[in-house]
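1. My questions concern the predicted model and sequence given below.
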Amino acid sequence: MLQFDLLQTDPSSHARRGQLTLNHGVVQTPIFMPVGTYGTVKGVMPRSLEEMGAQIILGNTFHLWMRPGLDVMQSFGGLHGFEQWHKPILTDSGGFQVWSLGDMRKITEEGVHFASPVNGDKLFMSPEVSMQIQTVLNSDIVMQLDECTPYETKGHLTTEAEARQSMEMSIRWARRSQAEFARLENPNALFGIVQGGMFEHLRQESLEQLVELDFPGYAVGGVSVGEPKDEMRRIMAHTPHRLPAHKPRYLMGVGTPEDLVEGVTQGVDMFDCVMPTRNARNGTIFTRYGDLKIRNARHRDDHQPLDVTCTCHACAGTSGVSWENGGRGGFSRAYLHHLDRCGEMLGPMLTTIHNLHYYLNLMQEIRHALDAGTFTALRQQFATDRARGV
Ligand SMILES: O=c1[nH]cnc2c(CCNCC3CCCCC3)c3[nH]c(NCc4cccs4)nc3cc12
Ligand SMILES: [Zn+2]
């Protein structure tokens, strides 16, 4: 089941404030969805995810299918019981990971043949198989199996004809996903994925055919796949706001804090990206006033927290009072620099909590600004602050 209520629309952009009711709970939008790959958001306990306000997380169909396997997942009634996360979960189709297997896979109309990266077994992923796996996982939002049209292949840009072929196969796979989802009587929500490469007229054809199929929600795929920033922004400006206004819109794999603000402006409701978690593990920290590299020697004796305005556990400790509001309960940049230099596991745990909290808090500030009708002012303040530098 899925119900999407539009609560507010911004008068001077495509931004909107919404509420998504799913089987495992209600989600306020716009929303950032932390990525859990192997049934965990790396290094973060579910209680910490709750504490920082995560409302919905992602599960990775491909990896969970490989390991622990569907028998174990079935015995827990799905992913919620297995990973002990009882709020909504969105699972991807598994297709995107198969694509990244490169030459170890063969794409046919029927589906994708590939060798398991875990044990070399010959495997097959089709729209039907993807729906069967996601039904066992019992995720609240299921993604159709699509083909993520590449931006370039071996140095040559994807041509319009190639993008059309790929987009048309994703439409056929959307139909097959929908038919199998119905046959399985899955009680959750299936999203269609718009493709079309960097060609607006192909994007238009894709979304029109998917809207015909009447999905409860739609994703925009095929971006953030190595294209130049201005190309991604061009598609972000074309496609999301052309999708049905009364249904949720999910921009896949995006992006930086700046991309999230731009995406909301263009009418996007849902985002996922590995950036906050992946960057945290390699020491790149997002803050209100710009990014910093905790490994840099300049942080060696800095008593300040990562972000003086942040109320996360790393910056404000258990008090939750930010440094700028007089809180002194957090960890210093000096300490986090030390943990990074020593390779201590507490380092990535704390920087991941901070980066995720930064993304989730940014989306909460955006929701509050949309409620208050001050979204344009927020966009301006956000850009000014981020340019200040830390
Ligand atoms: O067209 C697409 N179809 C389907 N999935 C896509 C994804 C995966 C989105 N995150 C899934 C998550 C599910 C749970 C586990 C983690 C992934 C994309 N990610 C990106 N860029 C970000 C990128 C990240 C890495 C390389 S590109 N572009 C994407 C385009 C598509
Ligand atoms: Zn913080």
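-> That came through fine. Numbering: from 1, shown residues only. Ligands and ions are numbered 1, 2, ... in the order given.
2. Quick check: Leu7 is in a helix.
-> No - according to DSSP: H, G, I helix; E, B strand; the rest coil, the state of Leu7 is strand, so it is not within a helix.
3. May I have the beta-bridge partners of Ala115?
-> In this entry, Ala115 is beta-bridged to Lys122, by DSSP bridges.
4. wait, it sits on Met125?
-> No - using C-beta atoms under 8 Å, Ala115 is not in contact with Met125, being 12.0 Å away. In this view, the C-beta of every residue, glycine as well, is placed from N, C-alpha and C.
5. between those two, who's got more neighbours?
-> Per other C-beta atoms under 10 Å, whichever of Ala115 and Met125 has more neighbours is Met125, with 23 against 14.
6. what's near enough to touch the more buried one?
-> 62, 94-95, 98, 111-112, 114, 145 (C-beta atoms under 8 Å, 6 or more residues apart in numbering).
7. Give me every residue in the stretch 251-390 of the chain lying close to ligand 2.
-> 310, 312, 314-315, 354 (C-beta under 5 Å from the ion).
8. Make a markdown table out of those and add distance to ligand 1, pLDDT and neighbour count.
-> Shown next, in a markdown table, are these (distance: C-beta to the nearest ligand atom, whole Å; pLDDT from 0 to 100; neighbours: other C-beta atoms under 10 Å):
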| residue | distance to ligand 1 | pLDDT | neighbour count |
| --- | --- | --- | --- |
| Cys310 | 25 | 98 | 23 |
| Cys312 | 22 | 98 | 25 |
| Ala314 | 23 | 98 | 24 |
| Cys315 | 26 | 98 | 30 |
| His354 | 20 | 98 | 28 |
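9. out of the residues you listed, which one sits closest to Pro150?
-> Among these, His354 lies closest to Pro150 (C-beta to C-beta), at 33.2 Å.
10. follow-up on the earlier one: out of the contacts of Met125, the closest to ligand 2 would be?
-> Checking the contacts of Met125 against ligand 2 with C-beta to the ion, the nearest one is Phe62 at 31.4 Å.
11. With only the CA atoms kept, save the strand or helix carrying the closest one in PDB.
-> Per DSSP states H and E: Phe62 is located in helix 61-66. The C-alpha trace of helix 61-66 is given here as PDB (Å, rounded to 0.1, in the frame of the first residue of the first chain):
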ATOM      1  CA  THR A  61      18.400  -6.800  -3.300                       C
ATOM      2  CA  PHE A  62      21.500  -8.100  -5.200                       C
ATOM      3  CA  HIS A  63      23.800  -8.500  -2.200                       C
ATOM      4  CA  LEU A  64      21.100  -9.900   0.100                       C
ATOM      5  CA  TRP A  65      20.100 -12.400  -2.600                       C
ATOM      6  CA  MET A  66      23.800 -13.600  -2.800                       C
END
